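# Sequence plus the predicted model coming up.
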Amino acid sequence: MSEPLVRIERHGVGGHVAELVLDRPEAMNAVSTAMARALGQATSELAADPTVRAVVVTSSSPKAFCVGADLKERNALTDEELRAQRPVAQAAYRGVLELPVPVVAAVEGYALGGGFEIALSCDLAVCGAAAVVGLPEVSVGVIPGGGGTQLLTRRVGWSRAARMVFTAERYDAEQARQLGVVDEVVAAGAARERAFEIAERIAANSPVGVRNAKAAMREGFDTDLDAGLRIEDRYWAATAFSADRAEGVAAFNQKRKPVWPGR
């Protein structure tokens, strides 16, 4: 039986932190059709699991987080096959983007093209100091198609995103942090450990509160302020009358750690 191209591992008490491991190290996690399908299936599984409170995306390769699309496979595809592959790839990237819990990317080595787009689809990104990121698609005659043109622009603004996309330049970890495309740089090899520290901190909070906060922020991001405040109020009500809110207030007054019902 072949090894899985994407693995899910559970960590911590209760297994509330899930690790989504990109696991095609012999190809530095180049995203083939099979790997895209596996990523879509894994994110669907995580999205449906109410016990998951945070996700960390990692790589089994020390050389690369993910180098993007498998261009060797793509070179052999007909136009018809490429069109058929497109929805599989879209489902993979949107699967990461639409996870209902916070997602932290732990980036070591190369995160290029679709690999960088996986990191952009996460809520937070921690980079090892030796990481290299970039969107080189226009240098091979395509454009970022895993959300890069939209997510990068929303994250860092038009001109910074335009330079990265139009020049196809690569950036080291510190340059990426200064541009705002990653959130934190740590020592080479330490990104996974730091990402788990963040994820565990998130997982210690109310699962209802965290999920609803993410939903409110995501839904309100591209609206005007008035519409965004209405979205916030809807999720506030969904949280304020939850069992988690009752437990959180009780635990605060009793000076103890909450035991979250998660509903």
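Sure, I can see it. Residues are numbered from 1 along each chain as shown.

# tell me the domain ranges of this structure?
Listed by automatic domain parsing, the domain ranges of the chain are 6-203, 207-253.

# now the ones you listed as TSV including mean neighbour count and distance to Arg263?
C-beta here means a position set from N, CA and C on the backbone, and glycine is covered the same way. Conversion of the domains of the chain to TSV gives the following (neighbours: other CB atoms under 10 Å; distance: least, CB to CB, whole Å):
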stretch	mean neighbour count	distance to Arg263
domain 6-203	20	8
domain 207-253	15	5
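
# mind putting those in TSV, mean pLDDT and distance to Pro261 included?
Listed next are those as TSV, based on pLDDT from 0 to 100; distance: least, CB to CB, whole Å:
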stretch	mean pLDDT	distance to Pro261
domain 6-203	96	11
domain 207-253	96	4
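
# need those in TSV with distance to Trp260, can you?
Below are the domains of the chain laid out as TSV (distance: least, CB to CB, whole Å):
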stretch	distance to Trp260
domain 6-203	9
domain 207-253	5
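
# Out of these, which is closest to Val259?
The minimum distance between Val259 and those falls on domain 207-253, with 6.5 Å, by CB to CB.

# Would you confirm that Glu200 contacts Gly12?
Yes. Judged on CB atoms under 8 Å, Glu200 makes contact with Gly12 at a distance of 6.0 Å.

# Looks to me like Val185 is in a strand.
Yes. Using DSSP: H, G, I helix; E, B strand; the rest coil, the secondary structure at Val185 is a strand.

# ok, then the element right after the helix or strand harbouring Asp233?
Under the criterion DSSP states H and E, the helix or strand holding Asp233 is helix 225-240. Beyond helix 225-240 on the C-terminal side, the first helix or strand identified by DSSP H and E is helix 243-253.

# just the helices in the stretch 101-250 of the chain please.
Shown for the stretch 101-250 of the chain, the helices assigned by DSSP state H, counting those that start in this stretch span residues 114-121, 148-156, 158-167, 173-179, 191-203, 207-220, 225-240, 243-253.

# CA atoms only: put the fifth one into CSV for me.
Coordinates of each C-alpha in helix 191-203 appear next as CSV, following Å, rounded to 0.1, in the frame of the first residue of the first chain:
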residue,chain,number,x,y,z
ALA,A,191,9.0,26.7,13.2
ARG,A,192,7.1,23.6,14.0
GLU,A,193,7.7,23.9,17.7
ARG,A,194,6.7,27.6,17.7
ALA,A,195,3.6,26.9,15.6
PHE,A,196,2.5,24.3,18.1
GLU,A,197,3.0,26.7,21.0
ILE,A,198,0.7,29.1,19.3
ALA,A,199,-1.9,26.4,18.4
GLU,A,200,-1.9,25.1,22.0
ARG,A,201,-2.5,28.6,23.3
ILE,A,202,-5.5,28.9,20.9
ALA,A,203,-6.8,25.4,21.8
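
# quick one: it to helix 207-220, angle?
Our comparison of helix 191-203 with helix 207-220, counting by axes from the mean of the first three to the mean of the last three CA atoms, to 10 degrees, yields an angle of 100 degrees.

# Mind giving me the packing neighbours of helix 191-203?
Contact partners of helix 191-203 among helices and strands, from 3 or more CB pairs under 8 Å, 6 or more residues apart in numbering; DSSP states H and E: strand 17-22, strand 54-59, strand 103-107, strand 124-128, strand 184-186.
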